[in-house]
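Novice: Take this sequence and fold it.
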Amino acid sequence: MKENMRFSNLDRTATIQRISKEQFDLVVIGGGITGGGIALDAASRGMKVALLEKGDFASGTSSKSTKLIHGGLRYLKQFDFWLVKEVGSERAIVHKLAPHLVLPEKMLLPLIEGGSYGKWLTSIGLKVYDILAQVTGDDKRQMLEKKEALKLEPLLPKKILNGAGYYAEYRTDDSRLTIENIKTSLKHGAEALNYAKVTGFLYEDDKVAGVTVNDEATGEAFTIKSKYVISAAGPWVDELRSVNNSKKGKRLHLTKGVHLVFPREKLPVRQSVYFDIPDGRMMFAIPRGKITYVGTTDTNFNLDKDNIKTDLADAIYLISAVNNMFPDINLEMEDIISSWAGLRPLIHEEGKSASELSRKDEIFTSDTGLVSIAGGKLTGYRKMAERVVNRITKKMEEEEKLTFKPCTTDKIALCGSDFKKFKHVKKYIDEVFERIKTDRFTAYDAWYLVTNYGKQTEAILENYAELKQEDVSLKMLLAEVRFSIAHEMALNPMDFFIRRTGRLYFDIESVRKYMQPVLDEFKNAYNYDDAQILFFKEKLEEELDSHSNFSLERV
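Specialist: I've put the predicted structure just below:
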């Protein structure tokens, strides 16, 4: 199979014509990590699959998480052993599927006087965590004395520190993980389209038999026929259940999670820290490249799901929590360089607060056959997909006497990966650095390319060699833009800056600096007129402002 399949909105008209003529086994609504995982699972079993996303891929919850593939240590406190076992075991599997994208990350859990975790309980808890998650070797938990903990992280509060737990997790880029799942599904025959909003359902004999779709790029409507439909629309699952007249019984409970981004020098933690905050919750501080990000909040949300903002109250809460844990750190509002806010589509439980709600996923099947899945965690996306696809295969076996092989996604390497182990990723980063350092690129630049694209870095370097710009940073950026347009369905600069590269969060200055040449590149690729480019520019400026400026009006 060709490594870099063409997957481009330059072919949008032909794609829509093709998929509107075909009959599919399965239409998946929602291009987040759950929908991407379902598309890959179903297509790799031999189903004919179409995935539809109303905005850009990963533009909802799947670009707004804490960006960790982690076991959920805090769920032990809720005695949710099943969830810890499943997502804990999944960490190693997802790392194996894309070791360039799911990176080992040691986590430090400070034990402080009056904190949520005592020494004995933490030791037992982390041991149980190791057993449930089948952790082996150097990744097994260690209990550190105060002196050892301070050596690892000198910023910890000396006066109230009693020691620390030290254990292994994984860090990822949720948007990249989503797009690579979708691209990998194409290699198994799936079709996928962004900016394609499902507005209704087709019915035959009172059963769902397809969907009506609005092309958000042109405003034109089309239909797709399908034997089965799965809604993996995250926070929008209940809207689609309403359209299907099946919103009864259990319902969603949306909670908002906010993260703030600071320059690394303002919060120079040496590794990820999972720490207590005064209200009894826990929070992460995670170093990543040039920045450190912190989060998250967990508050009920009932406003516009397409316009989730970090407000002043969120920012004050998070800054206060960081300053409380790290006495030598004194973060202020003006230190925030970026942020993101997203929604968790949890299952409502009467009498439970946002933080107490279970993170388990649930599957709903309506009388007309619409299957909806909601809840769950980023880490558990593959098992969620397996469970819901198993339901479809069972139906197809019963109703059509068709047989499908079982799930094999635990063995399907994602696009960009032919790495057997993480040490091979590190070796490749070194190789890329050797090749680009003559053009004044840094080790960080090599790390960025490989941890975003894996072996697809080769295609970007080929683009780079063909471009003529004198500014080498701009030249490399445009090489990425061309790759995202040809192979990753980027339709506009927001897709590129936010979800294909995470630059809005992790390198926001590059967005400001190179906005115009990137706008020009999209104009040339898609023949956009001046009015369209002006709209994109205003949208980008709005994104920059809403992610980095906080004022009293935003409370």
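
Novice: So R176 versus E488, what's the distance?
Specialist: 10 Å (Cβ to Cβ, to the nearest Å). Quick note: C-beta positions are derived from backbone N, CA and C, even for glycine.

Novice: Between those two, which contacts overlap?
Specialist: Common neighbours of R176 and E488 are listed as R500 (criterion: Cβ atoms under 8 Å, 6 or more residues apart in numbering).

Novice: I93 against G380, yeah?
Specialist: No - the criterion here is Cβ atoms under 8 Å, and I93 misses it with G380 at 10.7 Å.

Novice: which of these two has more neighbours?
Specialist: G380 (28 against 16; other Cβ atoms under 10 Å).

Novice: Apart from its neighbours in sequence, what residue is nearest the more buried one?
Specialist: Residue nearest to G380 in three dimensions, not counting chain neighbours: V87, with 4.8 Å by Cβ to Cβ, 6 or more residues apart in numbering.

Novice: What's the first helix or strand after whatever helix or strand the one you found lives in?
Specialist: Take DSSP states H and E as the rule and V87 turns out to sit in helix 81-97. Later in the chain than helix 81-97, the nearest helix or strand by DSSP H and E is strand 103-112.

Novice: and that following strand, which strands flank it?
Specialist: strand 161-171 (antiparallel), strand 272-276 (parallel) (DSSP bridges).

Novice: want to throw the ones you listed into TSV with mean neighbour count, mean pLDDT and distance to H424?
Specialist: Conversion of the strands paired with strand 103-112 to TSV gives the following (neighbours: other Cβ atoms under 10 Å; pLDDT from 0 to 100; distance: least, Cβ to Cβ, whole Å):
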stretch	mean neighbour count	mean pLDDT	distance to H424
strand 161-171	22	92	16
strand 272-276	23	94	23
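
Novice: quick one: which of these is nearest E53?
Specialist: Among the strands paired with strand 103-112, strand 161-171 comes nearest to E53, with 24.7 Å by Cβ to Cβ.

Novice: name the helices or strands packed onto the helix or strand following that closest one?
Specialist: Following strand 161-171 in sequence order, the next helix or strand is helix 174-186 (DSSP H and E). Here helix 174-186 touches helix 33-44, strand 49-52, strand 191-193, going by 3 or more Cβ pairs under 8 Å, 6 or more residues apart in numbering; DSSP states H and E.

Novice: 10 Å instead?
Specialist: helix 33-44, strand 49-52, strand 68-69, helix 81-97, strand 191-193, helix 381-400, helix 443-453, helix 472-487 (3 or more Cβ pairs under 10 Å, 6 or more residues apart in numbering; DSSP states H and E).

Novice: ok, how many other residues are close to K421?
Specialist: 11.

Novice: Find residues that contact each of I93 and G380.
Specialist: Common neighbours of I93 and G380, counting by Cβ atoms under 10 Å, 6 or more residues apart in numbering, are I69.

Novice: Return the set of buried residues in stretch 234-248.
Specialist: G234, P235, W236, V237, D238, L240, R241, V243, N244, S246, K247 (16 or more other Cβ atoms under 10 Å).

Novice: Take the residues you listed and write them to TSV, including secondary structure, distance to W447 and pLDDT.
Specialist: Below are those laid out as TSV (DSSP: H, G, I helix; E, B strand; the rest coil; distance: Cβ to Cβ, whole Å; pLDDT from 0 to 100):
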residue	secondary structure	distance to W447	pLDDT
G234	helix	30	95
P235	helix	33	96
W236	helix	35	96
V237	helix	37	95
D238	helix	41	94
L240	helix	40	95
R241	helix	43	94
V243	helix	44	94
N244	coil	46	93
S246	coil	47	89
K247	coil	46	88
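
Novice: if we can go back for a sec, in a markdown table: the helices and strands packed on helix 174-186, plus distance to I329 and mean pLDDT.
Specialist: Shown next, in a markdown table, are the helices and strands packed on helix 174-186 (distance: least, Cβ to Cβ, whole Å; pLDDT from 0 to 100):
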| stretch | distance to I329 | mean pLDDT |
| --- | --- | --- |
| helix 33-44 | 32 | 98 |
| strand 49-52 | 43 | 98 |
| strand 68-69 | 21 | 92 |
| helix 81-97 | 29 | 83 |
| strand 191-193 | 43 | 98 |
| helix 381-400 | 34 | 96 |
| helix 443-453 | 23 | 97 |
| helix 472-487 | 30 | 98 |
